[in-house]
Every structure is written in C-alpha cells, then in structure tokens.
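[1] mind folding the following:
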Amino acid sequence: MTTTAERPPRLRTADARVDVPTLEQHLLGRYADLRRSARAIVADPAFQKIEGQPYAEHRERVLTQLRRLVAETDVLRAFPTALGGSDDHGGSLARFEELVAGDPSLQIKAGVQWGLFASAILHLGTADHHERLLRDAMFLQVPGAFAMTETGHGSDVASIGTTAEYDAATQEFVLHTPFRGAWKDYLGNAATHGTAAVVFAQLITAAPGGERVNHGVHAFYVPIRDAVTGEFLPGVGGEDDGFKGGLNGIDNGRLWFDHVRVPRRDLLNRYGDVAADGTYSSPIENPGRRFFTMLGTLVQGRVSLDGAAANASKLALAIAVTYANQRRQFAGADDDEVVLLDHGEHQRRLLPLVAEAYASTYAHEELLAAFDDVFSGRADTPATRADLETLAATLKPTSTWAAMRTIQTCREACGGAGFLAENRLVGLHQDLDVYVTFEGDNTVLYQLVAKRLLGDYAKGLKLHSAGDMARLVAERAADAALHRTPLVRAAQTIADVGDARRSVGQLRDESTQRQLLTDRVETMVAEAAAALAPARSLPPAAAAALFEAHQHELIEAARAHAERVQWEAFTRALTTVDDPGTRRVLTRLRDLFGLTLVERHLAWYLIHGRLSAGRARTVSSYIDRLLVRLRPHAQDLVDAFGYGPEHLRAAIASGAEQVRQDEARAWNRAQRASGEAAVPERHVRG
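    Residues are numbered from 1 along each chain as shown. Predicted coordinates:
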C-alpha cells in the first residue's frame, strides 16, 4: 500500500469512487482484527524472509520465529481453552494465513507444527493423548512431523506401504517400512528439528482364526529423535531432502522405520482402537467412511492454503499495479512517456487478476465460516463435514493455481525489475509453487469434487434404472441439438448485430452471467454422467478404463464449478457493501471476473451453441470497456488489500520508481524549455 505522497495522480470517473478504508475492512472480513494483529507481527523484520539466505541458516531462523510465536502471540487459538487455546478455529487459520506476507516458510512450518502434527493429536487422539502429548506439541517442546506422504504414494494415501502390526504378547505395534517406496517423504520438521512424528500406517491385527487383517490407514504417535543429541532413535532413520525449489526455511526430509515398537496407547484411537488382546473396534463400521472421516479432520490444511494463496496473489498484484502506476514507457501524444497501466494490454494483463483475487478472497471468507461452523461444533454433522471437504477441495486448487498464474504475470509485467530478488515476485513464485501439490494434489482434488458433483446429480435425478439414463441421454442430445441449430444461432446473431447495446446490457446483467456460468457446469456434469453411466454394468477393469477415458472432462467440470463458486461468493459480498461508489466499482470488478471466465471458455460456449459469434465478440468488447472504467480505481483496489510497504518489501513498490520518473520528466522538460534538447534526426531531415 503506497502512501498518499507516493501515489501517482488518479483519474476519476464521475459516477464512482472507492472508499479505500471501508473496502479494506470489508476484504479483511469477519476476522479483521486478528488479521491485522498477524500483519503487525510480520511487519517486524525479525519475522521476514531474507532473500538468498543459505538454507541451513534459513531453517534455524524460521524455527526461532516459531518459538517467538509461541512465547509472544496467541498462536494456539484453535486448541481447547483448557490447554491454553481459545477454541477459535476460524480465527486461528485467519492469523496463520497472514504469515505468508512475512515468509511463506514461516506460514508452512507453523502449519506443519500446529495445523498437522498437533492437530492430528487433537483430532485423531483421545483424552489420554491430549493429556500426555498435546501440550508439548502445542508449546513446541516437541517439534513434530506429519508422516503421511510416502515416496511411492502421495495423493493415494489409502495405498501407503508402511505397516503397523499388533503384537498382543507385548501390547505393541511393530512399525515397519517394508520397501524404499514406503519411506515417508517431503516431511516438514523431519530433516533436523523434529523429535516426534504422527505416522500413518496400515494397521494389521490377527483375527481369531489366525489370518492377518488389514484395517486400513491409522495414525500413531512415534518419537523419532533424542531431544538432547538430535540423533535418530533405534530403528528410525532418514535423510534430508536438501535444497528445494522454494520454502527452504523448512527442513523437509524422509523417514523410515525398521520394526520400531510403538506402545498400544500411542495409537491415536478416536476412530479405531485395538484392545489388549488384539481385538479391533471402531465407531465407524465402514472402512472407507472411517478412512475419509479420519482424513477429513485434517481439512484445515487445505483451508489455510486457499487463504494463503489468495494473500500471495494480493501481495504480487499490489507490487505490480503500484509499479505500473509509476513506471513510464513509450512516448504519448504530448511526447511525455505513458504510465504502464495506461497501456491497454497492461490493463488486460493485470486488472482481471485483481478481479480474480477479490473473488478468491470472498470465496475463502465463506470457506473459513464453514470450517469454523463445523470445527466449533455449531454445525458438525456428516453432511456439513462433507460439504466443507468438498468446498475446500474446490477452492484450494483454484486459488493456488491462480496464485502461480498471477505471480508469474506480475513478474513479467514488471519486466527486468520483476526478476530481481529484492522485488519479491521471484521468491513468491518459488515458495508458492509447491502449494499446488501438497495438502492434496490439485488435479486429484478436482477429481474428488467431480465425483461429488456426479453423486449429487444422480441423487437429484434419482437415476435408478437404465430407462432413466436413456431418457437423460436423449434430453441432453436434444438440448445440444437445439443450441446448435443454425436457425437459432442465426436469429441470435441477427439480434446481436441489430442491437449491440442490448447485447452488452444483457452481459452486464447479473442473472445472465449466472446463467452462463451455471449452464456450463450443469451441462458438463450431465454429459459426464451420461458418458459414465455404462460403468454400472461393466466389469471393474472396464469401468475403471471408462472413468480414465473421461477423467479430463470430470476435472474440467470441477474447474467450471469452482469458478462459479467464486463468482457467487463475489456476488453475495456485493450485497454487504454499503458505500454506493465502492459498490458500483466492485460490481464492475465482479462483471470483469465473470465475463473473463466466459471469454476464457468461449470455445465451449460457441461449440455448445450457448453464444453466437456476434455475442462472443460482445463479451470481449465489453471486457475492454470495463477495463477502461476500472483503470482509474486500480490503485485503490490494491491499496484496499491493506498491505503496507513493510509487507510488500519491494523496491519498485516503495515510491522509488515515482521519484526516478519525476526526475527524468523534470530533466526532459527543462531541456525542452531551455532549447538545449537535441532535435530528432527525422525532424532535421524533414
């Protein structure tokens, strides 16, 4: 956020203005005060990343930062009041997400310690574990790793290779890594700092008949290092993952286990227990539902990544837009060089991303509310948990992919200056890169969303027979034929050409945007359902092959659903903006977001007959008009993100560029006024 003195002159439209402080409060949302307090923490240079710092030093710096968080802040808000927390789950995540402005490594290492390791003890353990183990994890007396992912199995957690076989004679589990692919991998705190881990393994017991029974993946609390010497305990080994493409303040590493004995009481047994004699029991009889329930308790990782990615996008945009409002390039009509953001293509590059960042922010606020409702117990039912998991799986891929696209575009928009480490963009890109694959690979998460969409679609239509599916296929074919009929397309084209203003007015209409976005989702889901319907009567291998053949369509349907979710969240947020000028500008920003989505998928709308060629051209031309209207408010819109120079920490967004440009313009004006300016060669020849 630039100061008033640093801002370039603003263009203003007569019909709208932005109340920046009010909009900032609106964007900060329900947890505004907590977010501001977290931003105050990372405004301290002691909590900020040092670009280019050797990774061994960076790791120790981040561990020191975590210890300060415990000692000086209310970092434990999500934990029970009786243990020193506040039972504030949404507020806790809101604070953690803001740490990305200081150093993404700090945000993620905090997430490993409290959002994964300690939270696994809290949510998968019982009162005994809370009493014995949780406080040390909460207060960082025991830095811990979350040992779920394996070298050979990342997203497919159900198929991990590590085993924990119960020995009734000693009342211990024998934890073992049977092959190299089963090594636990990419684990924060595993390389140097962790002294314990929550380890996920296949729980095996002996049945009364003597056969070994695999009860699926369960979690175990396992000490891994001597707290004094830092050496691995007997039977435990590992490696350092070393230097990475980003997040080098985190000591990621690998762990393996050679018949390590774990006391029976250290099975985190909230959802599955083993009696002294080896009898297995669970409050959830179905193994599949039990597995997904256990993993669902850890959904907060995806929720926090969604928010942190949105914040990273906002940081990048604040830097790039501020620079674009000060940097000048290419002479205009008056021989003065033109501010970058006055160039049409520069607006095309940046302003739609600003709109997307707003949509991501508002959608994340709704995700946080849903998370807090479930984890506070106010609305904790199987249905609300399923909805929360689906929403998190919808938004986390969308915002993390958007962050990568946004940061890279901002980097390019800042030219060579954007490639300098001092301007943050390269470092943000490196650190955010892995967000798209951890806490659930984005593509796999979209598959989960698509399966939920298909399930809801089938329930809605109550498709129980082949006759129902046949009728559905016929209906979709008729629908496609209707929209592709040349007569219908021609009539729409004529209408568009005959009254372009009416066409633009319809695109500006909220209901039209909703219809276009919703129709795309519903059509894609219906077509996928029809294509996959034969799978019910096929052998398993053939059914799996059919699913694989249509996997891309499913992922694209989930993506379309995610875009609609963000647009709807943006639209709902507009109803809570009281200032008329701000609401008018935000409405245009929402329109830019919605129509950019339509333009991005114009091929689909044309192929499916939803838009004529004439209407398609109108989409792009109206986007151009919106860019012109929004350009005067660009700085206000990024200033409302609420980040100061101490958060951006980019030289090109500090006002220094404005000083350079003013100096250059003053020199050129003085040269022209004195008559000392050299005459261009073309003028001499003329």
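
[2] what residues of stretch 172-181 count as buried?
    Across stretch 172-181, burial judged by 16 or more other CB atoms under 10 Å covers Glu172, Phe173, Val174, Leu175, His176, Thr177. The way it works is simple: take the backbone N, C-alpha and C, and place the C-beta from them, glycine included.

[3] cool, and stretch 43-53?
    Ala43, Phe47, Gln48, Lys49.

[4] correct me if wrong: Leu606 contacts Ala616.
    Yes. Under the criterion of CB atoms under 8 Å, Leu606 makes contact with Ala616 at 6.0 Å.

[5] who's more crowded, those two?
    Ala616 (19 against 16; other CB atoms under 10 Å).

[6] which residue packs closest to the more buried one, ignoring adjacent ones?
    Leu602 (5.2 Å; CB to CB, 6 or more residues apart in numbering).

[7] how close does that neighbour sit to Asp277?
    Leu602 sits at a distance of 66 Å from Asp277 (criterion: CB to CB, to the nearest Å).

[8] compare the two (neighbour count), which wins?
    Neighbour count, other CB under 10 Å: between Leu602 and Asp277, Leu602 has more, with 17 against 11.

[9] per-residue pLDDT, that one?
    Note on Leu602: pLDDT of 95.

[10] for it, what are its contacts?
    Applying CB atoms under 8 Å, 6 or more residues apart in numbering to Leu602 gives the contacts Leu611, Ala616, Val619.

[11] let me have the buried residues of stretch 172-181 in JSON lines, extended by distance to His550 and pLDDT.
    JSON lines is the format used below for the buried residues of stretch 172-181 (distance: CB to CB, whole Å; pLDDT from 0 to 100):
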{"residue": "Glu172", "distance to His550": "47", "pLDDT": "97"}
{"residue": "Phe173", "distance to His550": "41", "pLDDT": "98"}
{"residue": "Val174", "distance to His550": "43", "pLDDT": "98"}
{"residue": "Leu175", "distance to His550": "40", "pLDDT": "98"}
{"residue": "His176", "distance to His550": "39", "pLDDT": "98"}
{"residue": "Thr177", "distance to His550": "36", "pLDDT": "97"}
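
[12] what would the residues you listed look like in a markdown table with secondary structure?
    Conversion of those to a markdown table gives the following (DSSP: H, G, I helix; E, B strand; the rest coil):
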| residue | secondary structure |
| --- | --- |
| Glu172 | strand |
| Phe173 | strand |
| Val174 | strand |
| Leu175 | strand |
| His176 | strand |
| Thr177 | coil |
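
[13] ok, those vs Asp636, which is closest?
    Thr177 (55.5 Å; CB to CB).

[14] bridged to the closest residue to the closest one other than its chain neighbours, which residues?
    Closest residue to Thr177 apart from its sequence neighbours, by CB to CB, 6+ apart: Trp256 at 4.3 Å. Counting by DSSP bridges, Trp256 is bridged to Gly237.

[15] all numbers from here: first residue = 30
    Right, with 30 as the first residue, what we last looked at is Trp285.

[16] residue contacts, Trp285?
    Here Trp285 is in contact with Thr206, Ala211, Trp212, Lys213, Val265, Gly266, Gly267 (CB under 8 Å, 6+ apart).

[17] separate out the buried members of these.
    Going by neighbour count (16+ other CB under 10 Å), those have Thr206, Ala211, Trp212, Lys213, Val265, Gly267 buried.

[18] check which helix or strand Gln107 maps to.
    One correction, residue 107 is Ala, not Gln. Assigned by DSSP states H and E, Ala107 belongs to neither a helix nor a strand.

[19] wait, what's in contact with the closest residue to it other than its chain neighbours?
    Excluding the flanking residues, the one nearest Ala107 by CB to CB, 6+ apart is Ser121, at 3.6 Å. Residues in contact with Ser121 (CB under 8 Å, 6+ apart) are Leu105, Arg106, Ala107, Ser115.

[20] try Arg46
    Neighbour list for Arg46: Gly610, Thr611, Val614, His662 [criterion: CB under 8 Å, 6+ apart].

[21] what does stretch 161-168 contact?
    99, 105, 108, 112-114, 142-143, 146-147, 150-151, 154, 170-171, 173, 225, 250.

[22] and Ala706, how many residues sit next to it?
    Using other CB under 10 Å: Ala706 sits among 12 other residues.

[23] hang on, I meant Ala219
    For Ala219, using other CB under 10 Å, the count is 29.

[24] quick check: it touching Val265?
    No. Ala219 is beyond contact range of Val265, at 10.4 Å (criterion: CB under 8 Å).

[25] and the strands in this structure?
    173-176, 192-196, 201-205, 213-216, 225-235, 241-252, 265-269, 282-286, 289-292, 302-303, 309-310, 357-360, 366-368 (DSSP state E).

[26] can you put the ones you listed in a markdown table and add distance to Arg68?
    Conversion of the strands of the chain to a markdown table gives the following (distance: least, CB to CB, whole Å):
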| stretch | distance to Arg68 |
| --- | --- |
| strand 173-176 | 27 |
| strand 192-196 | 43 |
| strand 201-205 | 42 |
| strand 213-216 | 29 |
| strand 225-235 | 31 |
| strand 241-252 | 34 |
| strand 265-269 | 33 |
| strand 282-286 | 31 |
| strand 289-292 | 42 |
| strand 302-303 | 43 |
| strand 309-310 | 47 |
| strand 357-360 | 31 |
| strand 366-368 | 29 |
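
[27] gap between the residue nearest to Val657 when sequence neighbours are not counted and Leu483?
    Sequence neighbours aside, Gln376 is the residue nearest to Val657 in space, at 7.8 Å (criterion: CB to CB, 6+ apart). Per CB to CB, Gln376 is found 39 Å from Leu483.

[28] more crowded one of these two?
    In this view Gln376 and Leu483 are compared by other CB under 10 Å, and Gln376 has more residues nearby, 21 against 17.

[29] low-confidence bits of this structure, can you list those?
    30-44, 362-364, 490-534, 714-715 (pLDDT under 70).

[30] what is the end-to-end distance of stretch 109-119?
    14 Å (CA to CA, to the nearest Å).

[31] what is the burial count for the nearest residue to Leu369 once chain neighbours are set aside?
    Closest residue to Leu369 apart from its sequence neighbours, by CB to CB, 6+ apart: Ala353 at 4.1 Å. Counted by other CB under 10 Å, the residues lying close to Ala353 total 26.

[32] any idea how far Ala353 is from Val383?
    11 Å.

[33] gap between the closest residue to Glu394 other than its chain neighbours and Glu675?
    Excluding its sequence neighbours, the residue lying closest to Glu394 (CB to CB, 6+ apart) is Gly58, at 4.4 Å. To Glu675, Gly58 is 22 Å away according to CB to CB.

[34] so those two - more neighbours on which side?
    With neighbours defined as other CB under 10 Å, Gly58 and Glu675 compare such that Gly58 has more, 20 against 16.

[35] who's in contact with that one?
    So Gly58 contacts Arg64, Ala123, Thr390, Glu394, Leu397 (CB under 8 Å, 6+ apart).
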